[in-house]
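Student: turn this into a structure:
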Amino acid sequence: MYTDVVNNILELIRKMYSMDKSLDAKMIEKSMNDVCHMLNVGLVEVCIYQTMRAETLDKGDKHFICRDGECDDEVFIRRYVLDNASVIIYKFYHRADAEPWSDFYRSSIKLVSDIVFVFNSRERLRQLADRFAMCDPYGYRNLSFFAIFIDKAVMSGKLENMAVAFFNLKHFQAVNNQFGRKIGDVVIKEFSNGLSQIVGDSGVVCRVGGDNFITAYHSDLMDEVLSYLSGTAVIYDRELGERVNVSASAGVLVIDKDFVYNDLSDIMDKVMPTANVAKRGELGDVVFYNKEIIEGRDKVVYVQQQFTSAIEQEEFLVYYQPKFNVFTGEMVGAEALCRWFHKGCIVPPSDFIPVLEQDMAICKLDFYMLDHLCKDIRRWLNEGRKVVRISFNLSRKHMMDIDLLEHLMEIIDRNNVPHEYIEVELTETTTDVEFRDLKRVVGGLRDTGVCTSVDDFGIGYSSLNLIKELPWKVLKIDKSILPVNSEDERSVMFKYVVAMAKEMGLECIAEGVETDEQVDILKKNGCDFAQGFRFARPMPMDEFEKTLTYYNE
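Tutor: Residues are numbered from 1 along each chain as shown. Sure thing, here's the model as predicted:
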């Protein structure tokens, strides 16, 4: 028996060594069957995992060889870890009708396992390596696969008249939170499979990471693809018929005859910035590439690169826009607004504020602004000037800062500014989490004597609840609901907003007042305060000081 086993193993090795570059899998498996039968092995299970984490999650490629009857509970396991951290596990199951494994049998099985790993798996591993290189740990085709697909399309002349869409599943975290991550994975897979059926063999759907995907398809399918991305009911439990609606934001690049392709970056550098615009929702959920988007991306990069040095060199200036009592003409306050003086020019806020809002940089700018306006107030007080309350905008990005109140008060108190001279403007919020944080901050500021105001009231979704539940001091009515004249249909809304604010004991100020007729509307409806070009434009600090002196004389 010993001799037979050894001879069969040697024959297996001989056949493997006789192969040239590729292996004859059928011939090898026949020899394997002969050896396994002699070693009382009923089944060999091969498990291949791309990563150790995939092994932990049991998400890998599995196949069986050497099926030879029923097996019992006895199993011999060999585990191999490759240089690239892939894991291969061989499980040899004992044949139920055979005698138990002896030490010789176990040693022989170990030897066979090593041989299989070194030789028989060579071709299979090469194929699997190709597959792993083209797929992520969850079996989705990846960006490497996409690059090869595009290369083939270029070589075959089929790239022209194709379209590429980079898309992100909208609010998918809510699906994970509601149904659990396991069902979330099923939903993503089903959504991807559904899109793959639409684009067919002439297209491809690849996962870039998380809930981000990229797809290439013939432009004739554009309407069908975009309709699918705009909202599709995905079944995640076929037995119960349970389903959830999934939609995506997408940046789309249509490839025409003038498109020049050198490598994948020619596509990615266009479609990804377009997808980012779509994700922000500024131009809708689906945005088609154009040159202006790339120019916008370059502007974003420039602002991000220049921001730190601009802060250090104090390029950001505080401009002040006065606020007035419409009945008495008295200047009752001002709003501190940020202007960027860069390379001899004033950069409009619309060119840099939205960029800084994309990350936490806006918070650093807000603290910078508060510190500088506090320094101005302290200096005016030291000079014996009559000072008015100064408001400044605080981004909602601050709401995740649990120590925000302490940070604000540290700046105010460090500059020795009486709290009643500071007003913090906060915009409306639409989520429960942000609302709770907002309530905490507004309440804390009120307790310290710092005034708070609702900025841009009327353009959010939770306005009534917002002013009812939080202890505001001031309501700033957005210019979008300020009537242009007495015939404006917004007159009714404006009238009742002012009445509601006054009934609740809030100061009421209208933003964007530009004409005498609008001033008359404010007076008619009892709105005491106004801010806008009708009274004064935002002005640099030295000019504001002159205005402050003029109205105090």
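Student: who are the packing partners of the helix or strand containing residue 499?
Tutor: Per DSSP states H and E, residue 499 falls inside helix 491-503. Contact partners of helix 491-503 among helices and strands, from 3 or more CB pairs under 8 Å, 6 or more residues apart in numbering; DSSP states H and E: strand 474-477, strand 507-511, helix 516-525. Any C-beta I mention is one placed from the backbone N, CA and C, and that applies to glycine too.
Student: of those, give the one that comes closest to residue 344.
Tutor: strand 507-511 (30.3 Å; CB to CB).
Student: tell me what angle that closest one forms with helix 516-525.
Tutor: If you take axes from the mean of the first three to the mean of the last three CA atoms, to 10 degrees, strand 507-511 sits at 160 degrees to helix 516-525.
Student: mind listing what's buried along strand 507-511?
Tutor: 507, 508, 509, 510, 511 (16 or more other CB atoms under 10 Å).
Student: from the chain's centre, how far out does that strand sit?
Tutor: 35 Å (CA atoms, centre = their mean, to the nearest Å).
Student: ok, back up a step: what lies in contact with the helix holding residue 499?
Tutor: For helix 491-503, the external contacting residues (CB atoms under 8 Å, 6 or more residues apart in numbering) are 457-458, 467, 475, 477, 481-483, 507-508, 521, 525-527.
Student: got the angle between it and strand 507-511?
Tutor: Going by the same axes, to 10 degrees, helix 491-503 makes 150 degrees with strand 507-511.
Student: and the helices and strands packed on helix 491-503: which comes nearest residue 77?
Tutor: Here strand 474-477 is closest among the helices and strands packed on helix 491-503 (CB to CB), at 69.5 Å.
Student: ok, the closest one: who's next to it in the sheet?
Tutor: strand 451-457 (parallel), strand 507-511 (parallel) (DSSP bridges).
Student: state the mean pLDDT of the helix or strand hosting residue 36.
Tutor: Element membership for residue 36 (DSSP H and E) is helix 25-38. Averaged over helix 25-38, pLDDT sits at 74.
Student: ok, the next helix or strand after it: who's next to it in the sheet?
Tutor: Per DSSP H and E, the first helix or strand lying C-terminal to helix 25-38 is strand 41-49. Here strand 41-49 has these sheet partners by DSSP bridges: strand 61-65 (antiparallel), strand 87-95 (antiparallel).
Student: list the buried residues for whatever helix or strand comes next after strand 41-49?
Tutor: Moving toward the C-terminus from strand 41-49, the first helix or strand encountered (DSSP H and E) is helix 52-56. Neighbour counts over helix 52-56 (16+ other CB under 10 Å) mark 54, 55 as buried.
Student: report the distance from helix 52-56 to the chain centre.
Tutor: For helix 52-56, the distance to the chain centre is 26 Å (CA atoms, centre = their mean).
Student: kindly report the same for stretch 485-503.
Tutor: The answer for stretch 485-503 is 38 Å, by CA atoms, centre = their mean.
Student: ditto for stretch 288-304
Tutor: For stretch 288-304, the distance to the chain centre is 18 Å (CA atoms, centre = their mean).
Student: CA atoms of it as CSV?
Tutor: What follows is stretch 288-304, C-alpha atoms only, in CSV (Å, rounded to 0.1, in the frame of the first residue of the first chain):
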residue,chain,number,x,y,z
PHE,A,288,-23.4,66.0,-18.2
TYR,A,289,-19.7,66.9,-18.6
ASN,A,290,-18.7,70.3,-20.0
LYS,A,291,-15.5,72.3,-19.9
GLU,A,292,-16.9,74.7,-17.2
ILE,A,293,-17.0,71.9,-14.8
ILE,A,294,-13.3,71.2,-15.1
GLU,A,295,-12.7,74.9,-14.7
GLY,A,296,-14.8,74.8,-11.6
ARG,A,297,-12.7,71.8,-10.3
ASP,A,298,-9.5,73.7,-10.9
LYS,A,299,-10.9,76.7,-9.0
VAL,A,300,-11.8,74.4,-6.1
VAL,A,301,-8.3,72.9,-6.0
TYR,A,302,-6.7,76.4,-6.1
VAL,A,303,-8.8,77.7,-3.2
GLN,A,304,-8.0,74.7,-1.1
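Student: need the residues that contact that stretch.
Tutor: Counting by CB under 8 Å, 6+ apart, 251-254, 269-271, 273-274, 276-277, 287, 351-352, 355-356, 358, 361 sit against stretch 288-304.
Student: mind giving me the PyMOL command for buried ones among these?
Tutor: Buried residues among the contacts of stretch 288-304 (16+ other CB under 10 Å), as a PyMOL selection:
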select buried, resi 251+252+253+270+271+273+274+276+277+287+352+355+356+361
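Student: by neighbours, which of the contacts of helix 491-503 wins?
Tutor: Most neighbours among the contacts of helix 491-503, by other CB atoms under 10 Å: residue 527, with 28 neighbours.
Student: show me the contacts for that residue.
Tutor: 326, 477, 498, 508, 509, 510.
Student: check residue 254 too.
Tutor: Residue 254 touches 163, 219, 222, 288, 289, counting by CB under 8 Å, 6+ apart.
Student: how much space separates it from residue 161?
Tutor: 9 Å (CB to CB, to the nearest Å).
Student: common neighbours of these two, please.
Tutor: residue 219.
Student: where do the helices sit along the stretch 101-250 of the chain?
Tutor: 103-115, 121-134, 143-155, 172-179, 181-199, 222-230 (DSSP state H, counting those that start in this stretch).
Student: pLDDT on the last one, on average?
Tutor: For helix 222-230, the mean per-residue pLDDT is 95.
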